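Student: quick one, fold the following:
(chains A and B)
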There are 2 protein chains.
Amino acid sequence: MYQFHVFCCTNRRADDHKRGSCAAKDSEKLRDYMKARAKELGIAETRINAAGCLDQCEQGPVMVIYPEGVWYAYKTKEDIDEILSSHLQGGKTVQRLRLQKA
Amino acid sequence: MYQFHVFCCTNRRADDHKRGSCAAKDSEKLRDYMKARAKELGIAETRINAAGCLDQCEQGPVMVIYPEGVWYAYKTKEDIDEILSSHLQGGKTVQRLRLQKA
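Tutor: Okay, here's the model as predicted:
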């Protein structure tokens, strides 16, 4: 159905939860930004989805891109821009943002 | 990270929305059931995630299983049981539940 199907964790927990949560680290806004930018850039056959907890809370915000199953931890709009241009437009994984194995 | 990563749409819209929504057709309960049953059955290296709108609202509830990218439309616990036993345990796609291309 899609060439790239991106799932951004937007799970929210209380701010004092010991594991933290992606939404407490601004993942909702960053996901909205990614979705809007992907559309502006004309990136086709791609969907930027919100998802529930991906169980990598300590490293969040995190996303996973399928079908390749590449996981990223990101913090800023600049990180998102690099994933859009390198991974989704260029087909090249952004090594510096890859998730560390838990 | 996972052998099977399942994303069940749990998006909710108002009951009178013309496209409908998966949550309005009980997808949250069905996803909770699938998650609990997968655990009971000891299905390993698998995550049953909630997801935002997968844009197949009219056919919902829907799910997609990655990395293979197989989409299903389901209605009942029996449908979920068949996806668990056939697809996740047996490695065999459930043809009768595959999503029709929009």
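
Student: drop to CA atoms for contacts and neighbour counts, all remaining ones
Tutor: Will do.

Student: count the residues that sit near residue A:41.
Tutor: Residues near residue A:41, counting by other CA atoms under 10 Å in any protein chain shown, number 11.

Student: do you know the pLDDT at it?
Tutor: On pLDDT, residue A:41 comes in at 98.

Student: what sits against residue A:91?
Tutor: By CA atoms under 8 Å, 6 or more residues apart in numbering or on different chains, no residues touch residue A:91.

Student: center of chain A, which residue is that?
Tutor: In chain A, the C-alpha nearest the mean C-alpha coordinate belongs to residue A:63, at 3.2 Å (CA atoms, centre = their mean).

Student: would you say it is within a helix?
Tutor: No: according to DSSP: H, G, I helix; E, B strand; the rest coil, residue A:63 belongs to no helix; its state is strand.

Student: ok, now how distant is it from chain B?
Tutor: Taking CA to the nearest CA, to the nearest Å as the measure, residue A:63 falls 12 Å from chain B.

Student: cool, residue A:66 as well?
Tutor: Applying CA to the nearest CA, the value for residue A:66 to chain B is 6 Å.

Student: what does residue A:36 give?
Tutor: Taking CA to the nearest CA, one finds residue A:36 at 15 Å from chain B.

Student: touching the helix or strand harbouring that residue from outside, list them.
Tutor: For residue A:36, the host element (DSSP states H and E) is helix A:27-40. With contacts defined as CA under 8 Å, 6+ apart, helix A:27-40 is touched by A:8-10, A:47-50, A:61, A:76-77, A:80-81, A:84.

Student: which stretches in chain A count as strands?
Tutor: A:4-9, A:46-51, A:62-66, A:70-73 (DSSP state E).

Student: for stretch A:6-24, buried residues please.
Tutor: A:6-13, A:20-24 (16 or more other CA atoms under 10 Å in any protein chain shown).

Student: before we move on, back to that, surely the residue nearest to the centre of chain A and residue A:9 touch.
Tutor: Yes: here residue A:63 reaches residue A:9: they are 6.1 Å apart, a contact under CA atoms under 8 Å.

Student: can you name the residues bridging to whatever residue of chain A ends up closest to chain B?
Tutor: Closest residue of chain A to chain B, CA to the nearest CA: residue A:51 (4.1 Å). Counting by DSSP bridges, residue A:51 is bridged to residue A:9, residue B:51.
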